[in-house]
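In: A structural model of the following input is requested.
(chains A and B)
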Amino acid sequence: MDFVFTEEQQMIRDTAESFLAQVSTSEAVRQAMESESGFDPELWQKICAEMYWQAIHIPEDFGGMGLGYVELVAMMEQMGRYLLCAPFFSTVCLGVNTLLLSASDEQKAEYLGAICEGSLTATLAYCGARGGREAGAVTATYREQDGGFVLSGDCSFVVDGMSADLLLIAAREEGSLGENGLSLFAVAADAEGLQRSKLPVLDQTRKMASLTFNQLKLEKSALLGDQGAAWPVLDRVLDLASIALAAEQMGGSQQLLDSTVEYTKERVQFNRPIASFQSIKHKAADMMLRVEAARSAVYYAACVADEALQGGPLAEELTEAASIAKAYCSDAYFKNAGEAMQMHGGVGFTWEYDVHLYFKRAKASEHMLGNAAYHRERLAHVVLD
Amino acid sequence: MKLSFSPEDEQFREEIAGWLKDNLRGEFEQLKFRGGPGDEHMFPEERKAWEQKLAEGKWTCVGWPKEYGGRGLPIEQQVIFFEEYARSGAPGRVGHIGEGLAGPTIIAFGSEKQKQKYLPGIVAGTELWCQGYSEPGAGSDLANVKTKARFDEAKGKWIINGQKVWTSLAHESDFCFVIARTDPDSKAHKGLGFFLIKMDQPGVTVRPIEQITGTSEFNEVFFDDAECDAEDIVGEPGDGWKVAMGLLGYERGVSTLGQQMAFKNELDQVVALAKENGAAQDPVMRQRIADLYLRLKIMRYNSMRMLSDDAGDGSLQKEALIYKLYWATWHRDLGELAVDVQGEAGQVLEAEPYELTRLQSLYLFVRSDTIYGGTNQVQRNIIAERGLGMPREPKW
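Out: Numbers count the residues shown, from 1 in each chain, chains lettered A, B, ... in the order given. Predicted structure coming up:
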């Protein structure tokens, strides 16, 4: 048992941190969030070419680095700290995971190869306009026609849905319910019959879109995995993505703690730094407790995700570990964001300070991929039913 | 990161699990799941006998070095030992203060003579210890100790006068380790000594404290010209604070994983009850149960980090700094859930005049968890000051 980063993992983490400190400054984040795509394409190309992050856990056979989920999570933590605006979460945590678990070798070679090259971004679209994390949230439908498929309906809350080159879409067979009849399809962004609309959202650092399928015709080869049997795959993809998102939430919680402690040490009222007041210290201590517990949950879940992808006895804990991490980190991030704003006082309420960016990201992430209550209910089902 | 145990470790797991299964039976069957916090007053004699049974199997002090009678187990196997111990339902250890606190302190700071005199009794499970730190005026402000130690040249002994409080197991113990002021003019953490005092002597009086549970696990201990041999001070006069603080690291060691297995046993009871009485169908209860379930899991992951992340210099990493606040708050929430899950039925006593059900006892006893061993407020100060470098309150 060795529940700490290896030297190599520590190096990956440190490299990510120093790189992001340079490129994902407050100024850069604000520029990106004002832009249409939500990220700086030059920076993304730099990440792809110089850092090769997009290929982190793609197997070497498909041109990737072949590293594990612990490494991925170590980077996501830093991206959360620096609020990186880039199609990493959509392409790697949603896209690559979907492809790894569902695509044929041929499809993997094509899509993963292109992702490794930095020439393709991807995302996953699964829920309808009402949102949700459960199988029933999938409302887009498909039917077979002329040896291919026709898609109707819509998907919403699609991360980077406007900018992604490849859309991985979950749809259900017409007339099917719940976990039955789900299939995954790979659809090019410029496909005829696909309409993409920007979804303006509170958190400007992560762009969303909704997709409408107007009798969108697909070749048989667009199908990923077994027709009608995609739910177990999608469920696992969402779990893997939740673990990555939880890491990002934990990184954000850490950053809020650090910046708030720093602020309270400098801010003087009543002739002393407000950090010397116990009312402030106790809040900060609670923030640190949440960060450290979140960290333990995330690192454990990352080890589980590693085995879920590469084999090992922990693989069977995936659902539980993902729900634990996502439930705890969702609450931790939002609570820390709220406390950070409170402890910053008036300036925390200004557009100029970054606290509101984290505050907004925290709430958006909390509701993405199932909120804390959803994941607790999922655990309750295992424990109580 | 690697979380799995080696085949040797798994073999060790079978060995200890097998021993517990073979020995926790017959006269010891009644001790299963007894004697934990809130239940420490139960079956003292039987649990002392169990302590010696453990010693027969060489299952006391498993983490101690072999030269002092331990097994010198590596961390992984200590973890396994504590987990299997708790999983089996084996009773709360009456010897835990000797094994976990007194012994390690003597090993770290004691003289050769003290080691020879005291360690074998702890290993054999025949001599029990209690801890004399808190006083009526020294709670959170532990350094404000008033108990005095004066060296009597004629007798060649230390003479101890004062009062200790919240001393658990004092009435069962053979010895008490005590911090007392050796320099009467000193203040705070200076001028203290660390003494090993025999309980069975005319100058020592133990008086039980009646708690909100109606039972008494904690005691007051009065020292009226109690005597302590010259050779039974650990370190030099004035070293007491350093020696006492040296212990704190041990309190957060591998035994935390055993504590968590005991917590899991308690949570399992609450879950079973919720399933039985229908509370498991209530959406609010489901959320609360799931919340405690996941926070307990995280407590375990956090301990695994703590064990892997030892800087080796006795300093506490961040995950260790939060540990007490985390578990105490969790346990208090569990206690609350334990009665809430029962609704009105949870208010009905086991028997008159004031006999509590196990879960009622849990519900009340856990209120002490966020107070003893550093209150939640003190823990938050420590986290903020040591973990985050925030300034101390100005003195006044």
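In: Can you show me the helices along the stretch 101-250 of chain A?
Out: The residue ranges that make up the helices of the stretch 101-250 of chain A, judged by DSSP state H, counting those that start in this stretch, are A:105-117, A:231-266.
In: among those helices, which is nearest A:Ser90?
Out: Shortest separation from A:Ser90 across the helices of the stretch 101-250 of chain A is recorded for helix A:231-266, at 9.6 Å, computed as C-beta to C-beta. Bear in mind the C-beta positions are built from the backbone N, C-alpha and C, glycine included.
In: Just checking that closest one against chain B, any contact.
Out: Yes - using C-beta under 8 Å from any C-beta of the partner chain, helix A:231-266 comes into contact with chain B via A:Leu257, A:Val261, A:Thr264, A:Lys265.
In: Need the residues you listed in TSV (columns: neighbour count, pLDDT and distance to B:Pro136).
Out: What follows is those, written out as TSV (neighbours: other C-beta atoms under 10 Å in any protein chain shown; pLDDT from 0 to 100; distance: C-beta to C-beta, whole Å):
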residue	neighbour count	pLDDT	distance to B:Pro136
A:Leu257	23	98	37
A:Val261	22	98	36
A:Thr264	25	98	35
A:Lys265	17	98	36
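In: any idea which of those is closest to chain B?
Out: Each of the residues of helix A:231-266 next to chain B was checked against chain B using C-beta to the nearest C-beta; the closest is A:Val261, at 5.0 Å.
In: so what's that closest one closest to, chain neighbours aside?
Out: The spatial neighbour of A:Val261 that comes closest, neighbours along the chain excluded (C-beta to C-beta, 6 or more residues apart in numbering or on different chains), is B:Leu388 at 5.0 Å.
In: Number of residues surrounding B:Trp396?
Out: A count of nearby residues for B:Trp396, using other C-beta atoms under 10 Å in any protein chain shown, gives 3.
In: no wait, B:Phe151
Out: Burial measure for B:Phe151: 15 neighbouring residues, criterion other C-beta under 10 Å.
In: Now it. Its backbone dihedrals?
Out: Listed backbone geometry of B:Phe151 is phi -90, psi 120, with angles given as degrees, to the nearest 10.
In: Where does the closest residue in space to it that isn't next to it in sequence sit: helix, strand or coil?
Out: Nearest in space to B:Phe151, with sequence neighbours left out and distances taken as C-beta to C-beta, 6+ apart, is B:Trp158 at 5.6 Å. Here B:Trp158 is recorded as strand under DSSP: H, G, I helix; E, B strand; the rest coil.
In: so who does B:Trp158 touch?
Out: For B:Trp158, the contacting residues are B:Ala149, B:Arg150, B:Phe151, B:Asp152, B:Gly193, B:Phe195, B:Glu227, B:Cys228, B:Asp229, B:Ala230, B:Asp232, B:Ile233, taking C-beta atoms under 8 Å, 6 or more residues apart in numbering or on different chains as the criterion.
In: likewise B:Glu135?
Out: By C-beta under 8 Å, 6+ apart, the contact set of B:Glu135 is B:Asn144, B:Val145, B:Lys146, B:Thr147, B:Gly162, B:Gln163, B:Lys164, B:Val165.
In: go on, B:Glu172?
Out: Contact partners of B:Glu172, counting by C-beta under 8 Å, 6+ apart, are B:Pro44, B:Lys48, B:Val94, B:Leu128, B:Cys130.
In: returning to that earlier point: quick check: of the residues of helix A:231-266 next to chain B, which lies closest to A:Val355?
Out: When the residues of helix A:231-266 next to chain B are compared against A:Val355 (criterion: C-beta to C-beta), the nearest one is A:Leu257, at 11.9 Å.
In: Tell me who's in contact with that closest one.
Out: Applying C-beta under 8 Å, 6+ apart, we find A:Leu257 in contact with A:Ala284, A:Met287, A:Met288, A:Val291, A:Asn336, A:Ala340, B:Leu388.
In: Assumed the fifth one was part of a strand.
Out: No - the assignment for A:Asn336 is helix, going by three-state DSSP, so no strand is present there.
In: Burial check on it, number of neighbours?
Out: Taking other C-beta under 10 Å as the criterion, the count of residues near A:Asn336 is 30.
In: on that earlier part again, in helices, which of the contacts of B:Glu135 appear?
Out: Using DSSP state H, no member of these falls in helices.
In: roughly how far apart are B:Glu153 and B:Ala230?
Out: 10 Å (C-beta to C-beta, to the nearest Å).
In: neighbour-wise, which of these two wins?
Out: The residue with more neighbours, out of B:Glu153 and B:Ala230, is B:Ala230; 12 against 7, by other C-beta under 10 Å.
In: what pLDDT does that one get?
Out: At B:Ala230, the pLDDT value in this model is 97.
In: Show me which residues of the stretch 1-150 of chain B are close to chain A?
Out: Within reach of chain A by C-beta under 8 Å from any C-beta, the stretch 1-150 of chain B has these residues: B:Met1, B:Lys2, B:Leu3, B:Ser4, B:Phe5, B:Ile75, B:Glu76, B:Val79.
In: how does it look with 6 Å?
Out: Contact residues of the stretch 1-150 of chain B with respect to chain A, defined by C-beta under 6 Å from any C-beta of the partner chain, are listed as B:Met1, B:Lys2, B:Leu3, B:Glu76.
In: Return the members of those classed as buried.
Out: B:Met1, B:Leu3, B:Glu76 (16 or more other C-beta atoms under 10 Å in any protein chain shown).
In: so the last one is in which element?
Out: With elements delineated by DSSP states H and E, B:Glu76 resides in helix B:75-87, which encompasses its position.
In: Residue 80: neighbour count?
Out: Unless you meant another one, I'm taking chain A. Number of residues near A:Gly80 (other C-beta under 10 Å) recorded here: 29.
In: That was the other one, I meant chain B.
Out: 25.
In: How about the residues of the stretch 201-350 of chain B by chain A?
Out: In this structure, the stretch 201-350 of chain B approaches chain A at residues B:280, B:286-287, B:290-291, B:293-294, B:297-298, B:301-302, B:304-305, B:308-309, B:318-319, B:322, B:325, judged by C-beta under 6 Å from any C-beta.
In: if you set the cut-off to 8 Å instead, what comes out?
Out: B:271, B:274-275, B:280, B:283, B:286-287, B:289-291, B:293-295, B:297-298, B:301-302, B:304-305, B:307-309, B:318-319, B:321-322, B:325-326.
In: What's the ChimeraX line that selects buried ones from the residues you listed?
Out: Applying 16+ other C-beta under 10 Å to these, the buried members can be selected in ChimeraX as follows:
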select /B:271,274,280,286,287,289,290,291,293,294,295,297,298,301,302,304,305,307,308,309,318,319,321,322,325,326
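In: mind listing the helices in the stretch 201-350 of chain B by residue range?
Out: Counting by DSSP H, counting those that start in this stretch, the helices of the stretch 201-350 of chain B are B:240-246, B:248-251, B:255-277, B:283-308, B:318-321, B:323-340.
In: need the least confident one among these, by mean pLDDT.
Out: Set side by side, those show their lowest mean pLDDT on helix B:248-251, which sits at a mean of 56.
In: So which bits of stretch A:198-205 are buried?
Out: Applying a neighbour-count criterion of 16+ other C-beta under 10 Å, one finds A:Leu199, A:Asp203, A:Gln204, A:Thr205 buried in stretch A:198-205.
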